[in-house]
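Engineer: I'd like to go over a predicted model; first the sequence, then the structure.
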Amino acid sequence: MSSPAGSSFKKRFGQHFLRDTGTLNRIVRFIDPSGTDMFLEIGAGDGALSARLAPLVMRLLAVERDPDWLPALEDALSPYPAATVVPGDILEMDIRGLFDPYVGRARLRAAGNLPYNIATAVIGSLLTLRLPLADMTFMVQLEVAQRITASPGSREYGLLSVWCQHLSQVVLAFTVSPACFVPRPQVTSAVVRFKPFERRWDQALEDRLLGVLKAAFAYRRKNIANSLRRNPEYGGISDHLLEKAGIEGTRRAEDLSVQEFESLARHSTSLVPLH
């Protein structure tokens, strides 16, 4: 499908629409939708993925920000009573409110070809809300997918890796060539699946972990002790904190496991009380 009359693909929305039929079908097979599923699809565009999911699920809410594409999306989904188009910016929506009517009635899931410029913000928002989601399957830039799924000690491993892996089980499923999109992006994409964990920590401790991560990764070239010493909140307790957590201060942040960062956050609460 070409761009709607009088409009064009918009760089400011990060628009790259998946057009390759084989890849679309592969994504649907990987998602494996069922009649008990309620799906939130983000960045539905002209409905290429939406129209494949809609006949297979109990409910589909297809979110699209660009008003120029809404008529095409409405047309693509008009044969499917289970599907509803939701116009607007997902980052400004009451995401919990979209899911609430289906809690306890359906398996809650999310999917989408995320606009490149908001992908990490969308993922972070959904994970932080701690919704009762079974899983989320998103297309993102390969570089972002590699950062999300990176292991300790790798060049890609950082704050995003630890945060996503603390909140969910992640897997990079497969890559997608730029040739599969219109307009063609300059980067390779990848499909990533998130399976959120049940809520284990309260919000104050989650915030503490995020603070520890920001302090630890602020100076990637320095060891963890020096990074923490430079932080206003943890500088005065850095040596004691590392000792309590059993972590050598000469190690670098990118070498610490998710579990070690969790340990730092938990032990920090005895030294700097939660607010």
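Structural biologist: Sure thing, it's come through.
Engineer: can you get me a residue count around A179?
Structural biologist: When neighbours are counted by other C-beta atoms under 10 Å, A179 registers 12. Using the backbone N, CA and C atoms, a C-beta is placed for each residue, glycine as well.
Engineer: got the contact list for the residue lying closest to it once chain neighbours are set aside?
Structural biologist: Among residues not flanking A179 along the chain, D20 sits closest, at 7.5 Å (C-beta to C-beta, 6 or more residues apart in numbering). Neighbouring residues of D20 by C-beta atoms under 8 Å, 6 or more residues apart in numbering: V176, A179, C180, F181.
Engineer: again, but for I237
Structural biologist: Contacts of I237 were listed using C-beta under 8 Å, 6+ apart, and they are S268, L271, V272.
Engineer: what about the helix or strand where E243 lies, average pLDDT?
Structural biologist: If you go by DSSP states H and E, E243 is part of helix 238-245. For helix 238-245, the mean pLDDT works out to 96.
Engineer: one more: stretch 190-205?
Structural biologist: The average pLDDT within stretch 190-205 is 93.
Engineer: same thing with stretch 250-267?
Structural biologist: 97.
Engineer: just the buried positions in that stretch, please.
Structural biologist: For stretch 250-267, the neighbour count (16 or more other C-beta atoms under 10 Å) marks 252-256, 258, 260-267 as buried.
Engineer: now secondary structure and distance to Q165 too, for those, in JSON lines please.
Structural biologist: What follows is the buried residues of stretch 250-267, written out as JSON lines (DSSP: H, G, I helix; E, B strand; the rest coil; distance: C-beta to C-beta, whole Å):
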{"residue": "R252", "secondary structure": "strand", "distance to Q165": "18"}
{"residue": "A253", "secondary structure": "helix", "distance to Q165": "14"}
{"residue": "E254", "secondary structure": "helix", "distance to Q165": "13"}
{"residue": "D255", "secondary structure": "helix", "distance to Q165": "15"}
{"residue": "L256", "secondary structure": "coil", "distance to Q165": "12"}
{"residue": "V258", "secondary structure": "helix", "distance to Q165": "5"}
{"residue": "E260", "secondary structure": "helix", "distance to Q165": "12"}
{"residue": "F261", "secondary structure": "helix", "distance to Q165": "10"}
{"residue": "E262", "secondary structure": "helix", "distance to Q165": "10"}
{"residue": "S263", "secondary structure": "helix", "distance to Q165": "14"}
{"residue": "L264", "secondary structure": "helix", "distance to Q165": "15"}
{"residue": "A265", "secondary structure": "helix", "distance to Q165": "14"}
{"residue": "R266", "secondary structure": "helix", "distance to Q165": "16"}
{"residue": "H267", "secondary structure": "helix", "distance to Q165": "19"}
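Engineer: nearest to G153 among these?
Structural biologist: Nearest to G153 among these: D255, at 5.5 Å, using C-beta to C-beta.
Engineer: residues touching the closest one, list them.
Structural biologist: D255 touches P152, G153, counting by C-beta under 8 Å, 6+ apart.
Engineer: against F197, how distant is it?
Structural biologist: Using C-beta to C-beta, to the nearest Å, we find D255 at a distance of 23 Å from F197.
Engineer: and the contacts of D20, which two are furthest apart?
Structural biologist: Maximum pairwise distance among these (C-beta to C-beta): 9.1 Å, between V176 and A179.
Engineer: domains of the protein?
Structural biologist: The chain is divided into the following domains under automatic domain parsing: 11-196, 203-268.
Engineer: got the angle for the top helix by length along the chain vs helix 238-245?
Structural biologist: Scanning the chain for the longest helix, with DSSP state H as the assignment, gives helix 203-216. Relative orientation of helix 203-216 versus helix 238-245 (axes from the mean of the first three to the mean of the last three C-alpha atoms, to 10 degrees): 120 degrees.
Engineer: restricting to C-alpha, output helix 203-216 in PDB.
Structural biologist: Taking C-alpha atoms only, helix 203-216 is exported to PDB below (Å, rounded to 0.1, in the frame of the first residue of the first chain):
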ATOM      1  CA  GLN A 203       8.100   1.100  43.600                       C
ATOM      2  CA  ALA A 204      10.600   2.600  46.100                       C
ATOM      3  CA  LEU A 205      13.000  -0.200  45.700                       C
ATOM      4  CA  GLU A 206      12.500  -0.200  41.900                       C
ATOM      5  CA  ASP A 207      13.400   3.500  41.900                       C
ATOM      6  CA  ARG A 208      16.500   2.700  44.100                       C
ATOM      7  CA  LEU A 209      17.700   0.100  41.500                       C
ATOM      8  CA  LEU A 210      17.300   2.600  38.700                       C
ATOM      9  CA  GLY A 211      19.300   5.200  40.700                       C
ATOM     10  CA  VAL A 212      22.100   2.600  41.400                       C
ATOM     11  CA  LEU A 213      22.200   1.800  37.600                       C
ATOM     12  CA  LYS A 214      22.400   5.400  36.600                       C
ATOM     13  CA  ALA A 215      25.300   5.900  39.000                       C
ATOM     14  CA  ALA A 216      27.100   2.700  38.000                       C
END
